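1. Following is a predicted model, sequence given first.
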Amino acid sequence: MDLVTLTDHDTVAGALEIASLPATFVSEEVSCVLPGGHRLHVGVFGITEAQHEVIARRRADAEALFAYLAEARVPAAVNHPFSALTGRRDTADLDRALSSLDLVEARNGMMSAAVNAGAARAGRAAGRSAIGGSDAHTLASIARAYTIVPDARSRDEFLDGLRRGFTVPAGESGGYARLTADLARLAALAYYSAARSCLRDAAASARLAALLVLLPTLPLLPLASAAVFLHEQLFARRHERAFVASRRRVRRRPAPSGPFGPAAAPTLAR
């Protein structure tokens with residue numbers, strides 16, 4: 001990787017820790033609230049700490065957030081548009097986001113190839129450029145998927161390429177095996193962390209005791225991840241179909257008519 005950034009949920013604390021290193025920039029994944037209370041994850045890239053504060057104040061109002069990102073020329077993407085991670089949504093939610101943001105995440109390193117393909121189709125239908133991201137929650141998954149800006153030779157040129165949509169998503173999609181492996185790694189890390197801290201931290205001791213009670217259920221982890229994976233595929237398929245049907249209805253809607261038949265498209269006189 002030539003450049004590295006962290007996109008933690010609604011915080012830039014991790015990104016700021018590495019910001020002094022060369023070939024890094026500050027980013028985050030914003031959980032924004034759409035009209036009706038539905039949620040959407042938005043990736044924002046190359047921001048300052050001051051911009052993060054503005055974004056944090058506006059993320060409960062998607063329209064205000066989208067307006068600020070456009071005004072500040074912050075590269076922003078609709079992340080995993082057909083994922084069940086953010087819960088219920090309407091097709092209008094995705095239409096609104098794709099009409100406001102210039103990028104769509106079409107190669108997510110934890111989503112299956114089928115879910116990513118649906119995101120790519122939605123992005124093309126809306127005329128948006130595609131990016132990739134690992135969505136890693138363990139070290140083993142870092143940089144499995146990423147974004148290329150052809151001919152970019154510096155961080156500034158890369159970010160400018162994001163703004164202009166000169167992007168190519170690259171790397172691998174995820175799947176059931178990667179999801180299960182990452183969940184197992186997270187479980188192992190939780191036990192290790194609690195065991196290391198239990199002698200000097202009462203809360204960690206209580207956490208370790210609770211984890212030990214759950215130990216007999218760990219063999220069921222592959223079944224739990226299978227249920228999550230299947231739900232994700234069905235959710236994505238259902239919402240992509242709704243999105244496609246919605247766009248077909250818009251295309252078939254008759255043009256407004258004037259007194260002498262269909263209204264003509266306006267022309268520019270020179």
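-> Yep, that arrived.

2. hey, let's count contacts and neighbours off CA atoms from now on
-> Will do.

3. residues touching A203, list them.
-> With contact taken as CA atoms under 8 Å, 6 or more residues apart in numbering, A203 is in contact with no other residue.

4. If we use 10 Å, what do you get?
-> Taking CA atoms under 10 Å, 6 or more residues apart in numbering as the criterion, A203 is in contact with A194, S197, A209.

5. now A76
-> 27-30, 42-46, 66, 69-70, 100-105, 162-163.

6. Weed out the non-buried ones from those residues.
-> Taking 16 or more other CA atoms under 10 Å as the criterion, what is buried in those is 27-30, 42-46, 66, 69, 100-105, 162-163.

7. per-residue pLDDT, A106?
-> Per-residue confidence (pLDDT) for A106: 96.

8. Next: G14.
-> 94.

9. what number of residues lie near it?
-> G14 is flanked by 15 other residues according to other CA atoms under 10 Å.

10. close enough to count as contact, it and E28?
-> Yes - judged on CA atoms under 10 Å, G14 makes contact with E28 at a distance of 9.3 Å.

11. anything in contact with each of these two?
-> T5, L6, T7, D8.

12. Output those residues in CSV, with neighbour count, distance to D95 and pLDDT appended to each entry.
-> Shown next, in CSV, are the shared contacts of G14 and E28 (neighbours: other CA atoms under 10 Å; distance: CA to CA, whole Å; pLDDT from 0 to 100):
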residue, neighbour count, distance to D95, pLDDT
T5, 18, 28, 96
L6, 23, 27, 95
T7, 22, 24, 95
D8, 18, 25, 95
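
13. before we move on, the earlier item: the contacts of A76 in strands, which ones?
-> S27, E28, E29, V30, V42, G43, V44, F45, L103, V104, E105 (DSSP state E).

14. Settle this for me: the last one is touching A77, isn't it.
-> Yes - taking CA under 10 Å as the definition, E105 is a contact partner of A77 at 6.3 Å.

15. got any residues that touch both of those two?
-> Joint contacts of E105 and A77 (CA under 10 Å, 6+ apart) are V42, G43, R128, S129, A130, I131.

16. which non-adjacent residue is nearest the second one?
-> The spatial neighbour of G43 that comes closest, neighbours along the chain excluded (CA to CA, 6 or more residues apart in numbering), is E29 at 4.5 Å.

17. Give me the distance between that neighbour and L6.
-> 9 Å (CA to CA, to the nearest Å).

18. One more: E17?
-> 10 Å.

19. Identify the contacts common to those two.
-> By CA under 10 Å, 6+ apart, the residues touching both E17 and L6 are V26.

20. E240 versus L234, what's the distance?
-> 10 Å.

21. Between those two, which is the more surrounded one?
-> Neighbour count, other CA under 10 Å: between L234 and E240, E240 has more, with 20 against 15.

22. that older thread, now the common contact residues for L234 and E240.
-> Common neighbours of L234 and E240 (CA under 10 Å, 6+ apart) are F82, V115.

23. Okay, domains of this protein per the record?
-> Residue ranges for the domains of the chain, per automatic domain parsing: 13-174, 177-249.

24. If we ignore the residues flanking it in sequence, what's nearest A119?
-> Using CA to CA, 6+ apart, the closest residue to A119 is A106 (5.1 Å).

25. Give me the neighbour count for that neighbour.
-> Residues lying near A106 (other CA under 10 Å) number 33.

26. who touches G127 in this structure?
-> Here G127 is in contact with L98, S99, D102, L103, V104, R121 (CA under 10 Å, 6+ apart).

27. Any chance of those in TSV with distance to A113 as columns?
-> Output for those, formatted as TSV (distance: CA to CA, whole Å):
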residue	distance to A113
L98	21
S99	24
D102	22
L103	19
V104	15
R121	12
